[in-house]
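Student: output the structure for:
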Amino acid sequence: MTETVDVVLIGGGIMSATLGTFLHELQPEWKITAIERLSDVAQESSNAWNNAGTGHSALCELNYTPEAADGTVDISKAIAINEQFQLSRQFWSSLVERGILSEPDTFINPTPHMTFVRGEKNVAFLKKRHELLREQTLFADMEYSEDSRVINQWAPLLMGKRLASDAPFAATRVMAGTDVDFGSLTRQLFAHLAGSGVDVRTNTEVRHLKRQSDGTWLVKYRRAIGRAPGRIKARFVFVGAGGWALKLLQKSGIEEIKGYGCFPIGGQWLETSDPKIVAQHHAKVYSKATVGAPPMSVPHLDTRVVDGKTSVLFGPFATFSPKFLKNGSMWDIVTQVRPGNLGSMLKVAFTNFDLIRYLVSELAKSHHRKVKDLRELMPDAQPADWRLLQAGQRAQVMYQGQLKFGTEVVAAADGTIAGLLGASPGASTAVPIMLDLMKKSFPEQFPSWEPKLRALIPTYGQKLNGQPELARETMAETAQILEIAR
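Tutor: From the prediction side, this is the model:
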C-alpha cells in the first residue's frame, strides 16, 4: 500500500526540523512525514557534540572576512551571515513566545565571541578587520585590544603564563555572542511537530526516490527493525540527510545534482569539564586556520553548554573516514562516483595538496601533540585535564573542480525536490536557508505566506545593517525573549 502525503522530510536534523516547523505553521492542514534512519533525531551533524554550536554570526570567524593579496579585507560575507543569524534569532524568539520551544537556556546561552591572534601580520589584519566591522551597525559593539591585562580580563585562559616572545598579540570581543545546543533545539522542534500531527518516523531508511508521471515523488523506504519496506507518494521532498543528501539526490536522477561530489572530513575535540578550568573561561575564542585547513577546522577554544552542563572544548582536529556520516557506510566515498562528477573530483584531488598535507599531519598527531596545539590558545594546558571526543562527519562539497566551503541548496527546476549540501555556517543559518528554499519550491503559495512569516520574523525582507534603530530594537527584543541579554 502506498501512502500519500504533501511533504516528506528526509533526515532528522535541524534543517528538516526548521522546514517542517515553517510548513506546519504556514499550512497546518498539509500532511507531513519526517523520516530518520537512526533511532532518534539530532544524532548526526545537529548533535551538540558533533558541531561547534557557535551560533555563527561572523563575530569571531576570520574566514568570513578574507584578506586579499593586496591587503584589502572583504567584510561583505560577514555582514550577510550576521543578517542571516538575526533571522534565526527572531524565529526562535517567536517559537518561545508561542510555547513551541521551552526555556531558552535549554538551547541557547549568552557567550561572548572573541578572536585571538599572534604575530605582527595577524595583528595588523585583525586591527584592520575591527576598524572595518565596527563601522557596521551589526558589529558596532565589537571591542579590540592588544593589552594583555585587558585580554586576561576577557578570557584568562588565553594569557596564563604566556611568554613575552608570544607578543605581539591582539583580540576582539563581542558580548552579544551565543552558544547554541542545536541538538536540543532540533529535538524540541521535532517533539512539537510529532505532538501536532506530523508523522515523525525513526529507524527508517529511505532507499530510493523516483519521480512519477504526475510530478509527484515515490519515496521507498525500509525500517531498520523487521526490515519491512514501505512507499510514500509526496508532492514535495526535502533531503536534509547530511552527507547522504548527495547519494539520495543522485538516486532521484535530477539534472541539477550532476557534477557534484563530496569529500568527507571528520573531526575530534579536546574536552574538559574540570570546574577550575571551566570557571576561568566564558567565551568562544577563534583563531587563524592552519595553511590548507578547511574553514570548519579553524581552531577555537569554546565554552559549551550541553544538557545544562558547562564544559570547554578545543579543536576541531581533522580526521579521515570514507563515510559521509558518523553512522554511514565505508563505501560512501566510492559509491558517489558518477561519470558527471569524476573529472571534477580528480581535479580537486590534484589541486588541493595543501588540504591533503593538512589531513596527513592531523592524523599523525598524538594526544600530547594535540595539547601542544591547544597551548597556542591556552599556554597552561595540561594533557591530563583533557579527553578526546569524536566530533561530527562532514561531506565537503566538490563542484566543477573546486572545493566549496559553504552551504548549498540543490533543487530540481520544478521545485518538487530539494536537498542541502555542505557544512559551515550550516545550522546557524537554517532559518534563512529554508526561507529561500520555500520561496523557490512553493512559488504559488509563498506570496500568501509572507504575512504569516512576518509575524514569525518581524524584519523578514529587510536588512538590519545600516538601520541602527531597527537593529537595536530587534536585537534587544530577541535577546530579552531568548534570555541572552545578560
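
Student: point out where the stretch 151-300 of the chain drops to low pLDDT.
Tutor: Applying pLDDT under 70 to the stretch 151-300 of the chain flags residues 290-297.

Student: strands of that one, start to end?
Tutor: 169-174, 178-180, 199-201, 204-211, 217-223, 229-239, 260-272, 284-286, 300-306 (DSSP state E, counting those that start in this stretch).

Student: can you pull the contacts of the residue of the chain most remote from its centre?
Tutor: Ranked by distance from the centre of the chain (Cα atoms, centre = their mean), the top residue is M1, with 37.7 Å. Shown in contact with M1 (Cβ atoms under 8 Å, 6 or more residues apart in numbering): R231. In short, each C-beta sits where N, CA and C put it, glycine included.

Student: 6 Å - rerun?
Tutor: M1 makes contact with no residue, according to Cβ atoms under 6 Å, 6 or more residues apart in numbering.

Student: can I get the strands of the stretch 151-300 of the chain in a markdown table with distance to H368 and mean neighbour count?
Tutor: Putting the strands of the stretch 151-300 of the chain into a markdown table (distance: least, Cβ to Cβ, whole Å; neighbours: other Cβ atoms under 10 Å) gives the following:
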| stretch | distance to H368 | mean neighbour count |
| --- | --- | --- |
| strand 169-174 | 24 | 23 |
| strand 178-180 | 28 | 26 |
| strand 199-201 | 45 | 18 |
| strand 204-211 | 41 | 18 |
| strand 217-223 | 45 | 18 |
| strand 229-239 | 42 | 21 |
| strand 260-272 | 11 | 22 |
| strand 284-286 | 22 | 26 |
| strand 300-306 | 18 | 22 |
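
Student: can you put the ones you listed in JSON lines and add distance to L87?
Tutor: Conversion of the strands of the stretch 151-300 of the chain to JSON lines gives the following (distance: least, Cβ to Cβ, whole Å):
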{"stretch": "strand 169-174", "distance to L87": "18"}
{"stretch": "strand 178-180", "distance to L87": "14"}
{"stretch": "strand 199-201", "distance to L87": "25"}
{"stretch": "strand 204-211", "distance to L87": "29"}
{"stretch": "strand 217-223", "distance to L87": "29"}
{"stretch": "strand 229-239", "distance to L87": "19"}
{"stretch": "strand 260-272", "distance to L87": "27"}
{"stretch": "strand 284-286", "distance to L87": "21"}
{"stretch": "strand 300-306", "distance to L87": "23"}
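
Student: what sits closest to G422 if chain neighbours are left out?
Tutor: Among residues not flanking G422 along the chain, T407 sits closest, at 4.1 Å (Cβ to Cβ, 6 or more residues apart in numbering).

Student: how much space separates the one you found from L420?
Tutor: 7 Å (Cβ to Cβ, to the nearest Å).

Student: the more surrounded of those two?
Tutor: Between T407 and L420, L420 has the larger neighbour count (other Cβ atoms under 10 Å), namely 26 against 19.

Student: the more buried one and E36: what is the separation?
Tutor: For L420, the distance to E36 - Cβ to Cβ - is 15 Å.

Student: ditto for H113
Tutor: 31 Å.

Student: what residues of the helix or strand Q393 falls within count as buried?
Tutor: Assessed by DSSP states H and E, Q393 sits inside strand 387-399. By neighbour count on 16 or more other Cβ atoms under 10 Å, the buried set for strand 387-399 is 389, 391-399.

Student: which residues touch whichever helix or strand comes after that strand?
Tutor: Using DSSP H and E, the helix or strand that follows strand 387-399 in sequence is strand 402-404. Strand 402-404 is contacted by residues 348, 396-397 when judged by Cβ under 6 Å, 6+ apart.
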